Structures are given as structure tokens and as C-alpha cells.
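In: Need a 3D model of the following:
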Amino acid sequence: NGASVLEGVVPPPHLTVSRGWFDAPFTLLITSTLPGVTLRYTIDGSEPTETNGRVYSDPLRIANTTTLRVAGFKANMLPSPPGTHTYLFADDILRQANNPPGFPTGPTVMAGFPSDYEMDPEIVSSPLYSGAMKAALLALPTLSVVCRTEDLFGAASGIYTHPTTRGPSWERPCSVEFIPLDDSRGFQVNAGVQIQGNAARDPQKQPKHPFRLVFKGDYGPAWLDFPLFLDSPVTRFDTLVLRADFNFSWLHWDPNQRLRGQRMRDAWTKDTMRAMGGLASHNRYVHLFLNGLYWGIYDPSERPDGAFAAAYLGGRKEDYDVMNEGAAVDGDNRAYNTMLGIANLADSGAYARMQQYLDVPQFIDYMLLHFYIGHQDWGQNKNWYAVRPKDGRRGFAYVPWD
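Out: Predicted structure coming up:
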């Protein structure tokens, strides 16, 4: 640990126009409060570095949908963290073609299935819908995920072109921006992104895959600090799931399921569980963009893990055992296995001991709700979480999922 020549960190560059929606071209200026800083920017999703990106010298004309990433560099200083600004033009998005520059195209590039990027002309050009398309794009907040195109769609290492792969080696760095409907505050944060889910990972069953966003110090802040869910007091998250919907959606591979597409069933179930006094994640619908490409409606949701339990029940995430379909995702499964071992409701003594491990009134409500909605993709140890404080002050609370 010898003497360091570093003099600090370059401050973030200032952009004269912030992220958002636009209906006319504009001129963008990028400046730094520190003299002698070299500004580099990219528009291909990659992070600017001292060797990657264009050197900014003159104002930029932004005339179409653009994902601009910019950072400042100076000798003997650490570079500024890369900032990202997504500029969206509705007319440009409605013309989104099936061969966008820089993205892989072909009949087998998506895990053996064809690429399909275009805004379907039978919808956007239909006399029934064409007049409503712009208003529809502006009817929901926007979430923009930006990263190297290779990290999303690369033949060797893209998470979207290998959607059934899992684990830390299939997490990629990205930028996440939230653009609200009005002039209220949004956010931009650097995070990690993974593919999420089970059956929805299979491109044969559904080409639109869900994502998981993870906030940790490897990329930027250790958590997202933002009031994302308007009906929740919680404002700090280390994980968000971007749900694409599968069952009862218009993308399901079963045509009978598509006929019953609703896009609200999961959110309604969670809202109802909370209205019954139970524990459930919050949802919020957004338009999702990947590197400037429109990717459809998603609903960000809290993942019911230890951090979620601590946020709503108190304590730290390490204070909880959290089970997901029988496996421990936080803590361990000892209390859960003990509960299963004494689950004999015909024995009054066993039933009394059972109540030390299970929140029985909440479980009754949970079961009633699932019977009421007819949750068919649930009965065989699928699509549920259960949360219990390790100190045993309350029993396992079952949490609806998917």
C-alpha cells in the first residue's frame, strides 16, 4: 500500500436534457464541472471507458430513440460512474422494425427460435388501434434497461439467447432507468440483470421472458432507494422481479390460456392477500425497453425473500427463514421440515405444536384465496413462498406467487 497518485473521482457529467419522451429533435450538451475532463459516450448500450466510446466535442442532435451512456475521464483520477439517459420518440418506436441495427436476427438466434423485434403492423397500423398507440405508450411509466447487446443477445453469452441457464455466471451489468408519467422524480441506477422464472424461460413456451434486477455494490448502490410502489411504505429494495406473465396471458403457448388472457390476475391475487391481512408483494405496470427496443408491458414486483420479510415484519434479512417451493432461499429449512414432520391435524397435541411453526389463520386465508381463484399451476409444490422469523415469534406465513 504505497503512496497513491489518485486525486479523487471525476464528478458525473451534466446533460442539458434529461431522459424521457420527446416528439421533436433537440440539441444535447454535455459538460463537466471539472476542467480538463475528457467526456466519452456510447449509444450501443456498452459502458464508455478510456478506450471505448466516442469523445464528446460538439453538441449532439438527438432525433430518434437513443440510449446514451456517458462518463468523464481525467489523468490521476478515477472515472465517473457511467450515467445513462434514454431518450424515447413515440413515432420512432411505432416503426420499430424486425431488423434493428446491431441486434442479431435470423430464424434460430433466440435459443433456436426466430428473432421478433418489430411492432406488429396488424396492431399499430390497424384502423381500430392506430389512433390510440401513442397514448398507450404514454399511459404507463417506462423502465429502460441498457447494457451491452452481447450481454443480452450474444450467441455465446447473452442471457436472453440462453434463457434457461441460471446462476451468478449468467448475471450481467446494466443500467436501469425509471421514467415516470409526469415530472415527478425517477431514477437511474447501475445494477445486475438475470433471466427469471421457470416455464417462462422456455422460448418454446413463451418468447417474452421475465427478468430479475439485483442491486449490489458490484455495480453501483447496494440497494435501490426509491418509492416504486405507490401503495407500499417500503422504499428500499435489493431485488426486483420484472414479471412478463405466462399463465392467463396472451403469450401462453396454449391457445385456451390466451383466450383467457387478463394481465392482472397475479397483481389482483397479491392485492387481495394483503387486503385479507396477509403478506404479499406489490406490483406496478410499466413499458419495458431493452437497449431502446420496446419489449412490452411488464410488472415489477418485490421478490418475497429475507429482505422483503425484514422490510414488512422488521429486523434484518438474516433473521428469517424463507422457503420457495420447499427449498430455502434465505436461512435454512430446519423449522420448515419440523413443521411438516408434525403435520397431523387429527392429533390435537400435534396440532398445537404445529401452530408454533405455522400462522394458521393466515394459512386459512391463503388457501381460501387460492381455491377461489382456481390457481391450477400451484397444487404440486409450485409457485409459493413461506416466511418465518427464526426466533419463532410467529409461524410461517405463506406468500402467493405467480
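
In: ok, and the spatially most central residue of the chain, which helix or strand is that part of?
Out: Closest residue to the average C-alpha location of the chain: Leu242 at 3.5 Å, with C-alpha atoms, centre = their mean. Per DSSP states H and E, Leu242 falls inside strand 239-243.

In: Partner strands of that strand, with direction?
Out: Under the criterion DSSP bridges, strand 239-243 sits next to strand 211-214 (antiparallel), strand 293-302 (antiparallel) in its sheet.

In: and the residue nearest to the centre of the chain, what does it touch?
Out: 143, 196, 210-213, 288, 298-301 (C-beta atoms under 8 Å, 6 or more residues apart in numbering). (Glycine included, C-beta is placed from N, CA and C.)

In: Which residues does the nearest residue in space to it that is not next to it in sequence form beta bridges with?
Out: In this structure, Leu242 finds its nearest non-sequential neighbour in Phe211, 4.1 Å apart by C-beta to C-beta, 6 or more residues apart in numbering. Using DSSP bridges, the beta-bridge partners of Phe211 come out as Ile195, Leu242.

In: What are the boundaries of the helices in the stretch 1-150 of the chain?
Out: 90-94, 121-124, 133-137, 149-153 (DSSP state H, counting those that start in this stretch).

In: let me fix that: the stretch 201-350 of the chain
Out: 255-259, 265-275, 306-313, 334-341, 348-354.

In: so which of those comes closest to Val109?
Out: helix 255-259 (24.5 Å; C-beta to C-beta).

In: contact partners of the closest one?
Out: Counting by C-beta under 8 Å, 6+ apart, 247-252 sit against helix 255-259.

In: Could you rerun that using 7 Å?
Out: 247-248, 250, 252 (C-beta atoms under 7 Å, 6 or more residues apart in numbering).

In: what residues are up against the residue nearest to Leu242?
Out: 193-196, 242.

In: Lowest-confidence one in the residues you listed?
Out: Among the contacts of Phe211, Gln196 has the lowest pLDDT, at 93.

In: Could you double-check that Phe308 lies in contact with Glu302?
Out: Yes - with contact defined as C-beta atoms under 7 Å, Phe308 counts as touching Glu302 (5.2 Å).

In: Those two: which is more packed in?
Out: Between Phe308 and Glu302, counting by other C-beta atoms under 10 Å, Phe308 is the more crowded of the two (26 against 23).

In: Let me see the confidence value for Asp299.
Out: Predicted confidence (pLDDT) for Asp299: 95.

In: How many residues are close by it?
Out: Applying other C-beta under 10 Å, I find that Asp299 has 22 neighbouring residues.

In: OK, contacts around it?
Out: Per C-beta under 7 Å, 6+ apart, neighbours of Asp299: 243, 267, 283-285.

In: switch the cut-off to 6 Å
Out: 243, 283, 285 (C-beta atoms under 6 Å, 6 or more residues apart in numbering).

In: Of those residues, select the buried ones using a PyMOL command.
Out: Those of these that count as buried under 16 or more other C-beta atoms under 10 Å are selected in PyMOL with:
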select buried, resi 243+283
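
In: Please tabulate the contacts of Asp299 in TSV, including the columns distance to Thr51 and pLDDT.
Out: Formatted as TSV, those follow (distance: C-beta to C-beta, whole Å; pLDDT from 0 to 100):
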residue	distance to Thr51	pLDDT
Arg243	38	94
Asn283	42	94
Tyr285	40	96
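
In: Make a markdown table from the contacts of Asp299 and add distance to Gly392 to it.
Out: Shown next, in a markdown table, are the contacts of Asp299 (distance: C-beta to C-beta, whole Å):
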| residue | distance to Gly392 |
| --- | --- |
| Arg243 | 32 |
| Asn283 | 31 |
| Tyr285 | 38 |
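
In: Nearest to Pro168 among the contacts of Asp299?
Out: Arg243 (21.7 Å).

In: Quick check: closest non-adjacent residue to the closest one.
Out: Using C-beta to C-beta, 6+ apart, the nearest residue to Arg243 is Asp299, at 4.8 Å.

In: how close does that neighbour get to Arg263?
Out: 8 Å (C-beta to C-beta, to the nearest Å).
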